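In: attaching a predicted model along with its sequence, questions to come.
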Amino acid sequence: MKLLTMTTALALAGGAALAAEKTLDIGVSDALTGGAAVYGLPQANAVQMAAEEINAAGGITVGDDTYMLNVIAYDDKANPTEASNAVRKLLDRDGVRFILGFCCSGATGAVASFIANEDAVMLVGNAAERSITTREIPNLVRTRPPADYTGAAAGTFVAEKGHKRVAVLGALDVGFYASYVDAFEKELNAAGGEIITREAFGLRDRDMTPQLTKIREQDPDAILVVGYVEPAAFIYRQAVELGIDVPRYGFTSGSEEQFLRVATSEQMEGVWDLRPTELTLLSASENGIAYHANYTEKFGIAPSPSSPYAYDQTYALKDAIEAAGTVEDTAAVAAALRELPVPDEVVMQYLPVDGKMFDVNGQAYTSNGAFQWQSGNWVFVQDLPSDAAAYSAFLSTID
Amino acid sequence: MMTLRPTHALWLAALVGLALLPQIIAVKYYLHLSILALIWVIAAQGQNLIQGYTGYVSIVQAGFIGIGAYSTALMGIHYGLPVWLTILLAPLVTALFAVATGYPSLRVKGHYFAIVTLAFNLVIFIVLMNFTELTEGEAGITGIPRPGGSDGWLDWRDRETYYYFVLILAALMTGLAALIVRSRIGRILVAIRQNEDLVGAIGISAWKYKLFAFVTSAMYAGLAGAVYAHYQSFINPEIFGVAQSLDAILAVIIGGSGTIAGPVIGAFFVVFLPEYLRFADSFRLIIYGLVLVLATIFMPRGIVGVATGLAARIARRGK
């Protein structure tokens, strides 16, 4: 009898150990190297950190089983072919069913073009191209709102500031930056303002004085800068050096640390960033403050403002798996994501549509905010007008 | 009686091996890479005609791949043409662009030709990126259909089906390249590479043959682009830049410039090696670059050259 009891106890212990040892691989495809790594690498780090937190808190519970997350991250260099290869590798070789990350639109678009045919769920982060969530892909959701959703709010804000003649300097060959400016212009025009010039720069350009000199000659009321962090920082710096003394607005989502690599705090003083209400320490919620502190401690560098899109993906996935009660049936998990309320642990300030984090298109919406550089920090000044429900209805009308 | 020469036996073995590949490999990811490699075989065979046989290093092959990819996608979207027809028309559209660019480019030689073609690749990239009304710019074109309708007897969504389709195309285009280089035209191309002035001195109009090589090379690229577009279902300008043109050049150099087998080996090399190096994370591209530099220094005749040299040495020892 004693032997039987011991055997039973051992079997139970063994069973418990087996349950505890269950591992769920999740994949990350993101730009870990190259120019877009300023967005992609922090996203990959954020997924890793969220996974460790989830594991430390006991993992993901599915029925009687508990799953610990294991993150497999591959570099897609923000390149469409590389992203296809990375995701094929995750799906076909590593057996991963849940893929997160995706900072950049071109690479994301390539994967989105085939993911509907795969037994997988794709969670998109920072990639802002609108068409990613207009294709009615049932197994894809995105945490970042499209660029034009924010651009419209920014246009209204700048018009309310009384600016009538705005000069644009941007990475306008990048689709989502162009769509931000288009939406911005529409709202500015509605308020009686106009964009007097659209000057473009390449993502690798560093000397923008020719464009700024031309803009200075046109005597604008304000300038709007849209593009990656580093070239934007050069523009802000060179605008000061050229004596352009008009308000500078932007759409960059760069952290203080990223801007200060190029420009001084004095040169940045007064610059506005009109973007989704992403992580900024002075505006962050309790979750945001904890995220900032934990990330900084773990990686030795402050997180980029957009990195929590990926952190939030991980918690959304956890809740969806638990709600679906399966890690095998990806269709059920994808459906659960569409029904999910905003998880308690997320960092971004999401605006639920019909009480759900993701709308029928799989799109989440954050509030938009006006941030201003004041004495070395991005300071949250005010919310921008953001009607998530109306935009969601608009998004559903696009083919 | 026709005898089976060792090279023919090797080609046959390679073809049989490639035909059996989908049955051998268990992980479909490698099938995906093999499809990309076979598409690169087509592009690299074209590059080899102008670079390896004619001696003109063209840095516009990825641009031409892009023209092929976009033309097949746009003809399908805007004119509703069937996929098979657009795949056939794509190389012809690319040829038109190649004639327009080749005519001025081939007036210069050596490094100048390389620079002019590089400039053309930059122009193609900028147009693809900025002519958003037509190309959708950086967002790219999505939903490009596979060949065959939903009621066809072949399942074109199955990668195995597409693999065999691309394998047949790659084999046919390799065979066509072999026919060209063994013809009178091919001999003149090699003569141009060896001594262009002498070719002119004996009354051959070299520029016609150079233009032929350039346009044919572009048609290969256009076909590769069309096949790529219908495989990936998505294209954007990112993958048709100068970096990819350099990959085409490398495929020829690494495999063996001026040989038919070289581009086949080189294409698999440039597709598979970066993927195998993923374990090295951020050191991946450094290792890749280092391997390429060392290979170029120590194997100037490419893998085919090294293999041929070894075979000859073994044969001499055997005697």
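Out: Thanks, I have it.

In: tell me, how many residues neighbour the closest residue to residue B:285 other than its chain neighbours?
Out: Nearest residue to residue B:285, sequence neighbours excluded (C-beta to C-beta, 6 or more residues apart in numbering or on different chains): residue A:33, at 6.9 Å. All C-beta atoms are positioned from the backbone trio N, CA, C, and that covers glycine. Applying other C-beta atoms under 10 Å in any protein chain shown, we find 17 residues neighbouring residue A:33.

In: so what's the residue nearest to the spatial centre of chain A up against?
Out: The C-alpha lying nearest the average C-alpha coordinate of chain A belongs to residue A:126 (C-alpha atoms, centre = their mean; 2.7 Å). For residue A:126, the contacting residues are A:39-40, A:43, A:102-104, A:144, A:253, A:306, A:309-310, by C-beta atoms under 8 Å, 6 or more residues apart in numbering or on different chains.

In: 10 Å instead?
Out: Going by C-beta atoms under 10 Å, 6 or more residues apart in numbering or on different chains, residue A:126 touches A:30-31, A:36, A:39-40, A:42-43, A:101-105, A:108, A:142-144, A:253, A:276, A:278, A:304-310.

In: with residue A:180 instead?
Out: Residue A:180 is in contact with A:128, A:130, A:146-152, A:154-155, A:168, A:170, A:172, A:174, A:224, A:226, A:251, A:274-275, counting by C-beta under 10 Å, 6+ apart.

In: quick one: it from residue B:285, how far?
Out: Remark: distance between residue A:180 and residue B:285 (C-beta to C-beta, to the nearest Å) = 31 Å.

In: now do the buried residues in the helix or strand hosting residue B:44.
Out: According to DSSP states H and E, residue B:44 maps onto helix B:28-48. Judged by neighbour count (16 or more other C-beta atoms under 10 Å in any protein chain shown), helix B:28-48 contains these buried residues: B:28-48.

In: among these, which are in reach of chain A?
Out: B:28-33, B:36 (C-beta under 10 Å from any C-beta of the partner chain).

In: closest to residue B:291 among those?
Out: Set against residue B:291, the nearest of these by C-beta to C-beta is residue B:33 (17.3 Å).

In: quick check: the closest one touching residue B:269?
Out: No. Counting by C-beta atoms under 10 Å, residue B:33 sits too far from residue B:269 to count as a contact (11.7 Å).

In: near chain B, anything from the helix or strand harbouring residue A:106?
Out: Using DSSP H and E, residue A:106 maps to helix A:105-115. Yes. Legend: contact between helix A:105-115 and chain B by C-beta under 10 Å from any C-beta is shown at A:105-107, A:109-114.

In: leaving out sequence neighbours, find the closest residue to residue A:131.
Out: In space, residue A:131 is closest to residue B:139, 5.8 Å off (C-beta to C-beta, 6+ apart).

In: residues in contact with the closest residue to residue A:362 other than its chain neighbours?
Out: Of all residues beyond its chain neighbours, the one nearest residue A:362 is residue A:141 (4.0 Å), with distances taken as C-beta to C-beta, 6+ apart. When contacts are counted by C-beta under 10 Å, 6+ apart, residue A:141 touches A:121-124, A:133, A:313, A:316-317, A:320, A:334, A:337-338, A:340, A:357-359, A:361-364.

In: run the last query once more with 6 Å
Out: A:123, A:337, A:358, A:362 (C-beta atoms under 6 Å, 6 or more residues apart in numbering or on different chains).

In: just checking, the third one touches residue A:351?
Out: Pointing back at residue A:358 there. No. In this structure, residue A:358 is not within contact of residue A:351 by C-beta atoms under 6 Å, at 11.6 Å.

In: between those two, which is the more surrounded one?
Out: Neighbour totals were compared for residue A:358 and residue A:351, and residue A:358 leads with 26 against 20 (other C-beta under 10 Å).

In: Three-state assignment for the closest residue to that one other than its chain neighbours, please.
Out: Counting by C-beta to C-beta, 6+ apart, residue A:141 is the residue found nearest to residue A:358 once chain neighbours are left out, at 4.8 Å. In three-state terms, and counting by DSSP: H, G, I helix; E, B strand; the rest coil, residue A:141 is strand.

In: in terms of pLDDT, where does residue A:141 sit?
Out: pLDDT, residue A:141: 97.

In: please put the alpha-carbon coordinates of the longest strand seen in chain A into PDB.
Out: Using DSSP state E to define each element, chain A has its longest strand at strand A:65-75. Written as PDB, here are the backbone C-alpha positions of strand A:65-75 (Å, rounded to 0.1, in the frame of the first residue of the first chain):
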ATOM      1  CA  ASP A  65      -2.000  22.700 -18.700                       C
ATOM      2  CA  THR A  66       0.300  25.600 -18.100                       C
ATOM      3  CA  TYR A  67       2.500  26.900 -20.800                       C
ATOM      4  CA  MET A  68       5.800  28.700 -20.400                       C
ATOM      5  CA  LEU A  69       6.600  31.000 -23.300                       C
ATOM      6  CA  ASN A  70       9.800  30.600 -25.400                       C
ATOM      7  CA  VAL A  71      10.600  33.400 -27.800                       C
ATOM      8  CA  ILE A  72      12.300  32.700 -31.100                       C
ATOM      9  CA  ALA A  73      13.200  35.900 -32.800                       C
ATOM     10  CA  TYR A  74      14.500  36.400 -36.400                       C
ATOM     11  CA  ASP A  75      15.800  39.500 -38.100                       C
END
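
In: quick one, what contacts residue A:235?
Out: For residue A:235, the contacting residues are A:169, A:208, A:225, by C-beta under 6 Å, 6+ apart.

In: lowest-confidence entry in those?
Out: Across those, the bottom pLDDT score, 94, is held by residue A:208.

In: now that residue: closest residue in space, sequence neighbours ignored.
Out: Nearest residue to residue A:208 in three dimensions, chain neighbours excluded: residue A:235, at 4.9 Å (C-beta to C-beta, 6+ apart).

In: ok now whichever strand or helix holds the one you found, how far from the chain's centre?
Out: Taking DSSP H and E as the criterion, residue A:235 maps to helix A:229-241. Counting by C-alpha atoms, centre = their mean, to the nearest Å, helix A:229-241 is centred 23 Å from the centre of its parent chain.

In: do stretch B:48-66 as well
Out: On the basis of C-alpha atoms, centre = their mean, stretch B:48-66 sits 9 Å off its chain's mean C-alpha point.

In: give me the low-pLDDT residue ranges for chain B?
Out: Within chain B, the stretches with pLDDT under 70 are B:1-4, B:149-152, B:280-282.

In: how much space between the residue in the stretch 51-200 of chain B that chain A sits nearest to and residue A:236?
Out: When distances are taken as C-beta to the nearest C-beta, the stretch 51-200 of chain B reaches nearest to chain A at residue B:139, 3.6 Å away. From residue B:139 over to residue A:236 the distance is 27 Å, taken as C-beta to C-beta.

In: show me which of the two is the more surrounded one.
Out: Taking other C-beta under 10 Å, residue B:139 and residue A:236 do not tie; residue A:236 has more neighbours (27 against 21).

In: hang on, isn't that one packed against residue A:265?
Out: No. When contacts are counted by C-beta under 6 Å, residue A:236 is not listed as touching residue A:265 (11.0 Å).

In: quick one: contacts for residue 155?
Out: Just so you know, I chose chain A. A:184, A:187-188.

In: think we crossed wires, I meant chain B
Out: residue B:161.

In: tell me which helix or strand it sits in.
Out: Assignment of secondary structure by DSSP H and E places residue B:155 within no helix or strand.

In: in the stretch 201-350 of chain A, which residue sits nearest chain B?
Out: Counting by C-beta to the nearest C-beta, the stretch 201-350 of chain A gets nearest chain B through residue A:202, at 9.4 Å.

In: can I assume that residue sits in a strand?
Out: No. Residue state for residue A:202 (three-state DSSP) corresponds to coil; a strand is not indicated.

In: whichever residue of the stretch 201-319 of chain B sits closest to chain A: neighbouring residues, count only.
Out: Nearest to chain A, among the residues of the stretch 201-319 of chain B, is residue B:234, at 3.6 Å (C-beta to the nearest C-beta). Residues contacting residue B:234 under the criterion other C-beta under 10 Å number 24.
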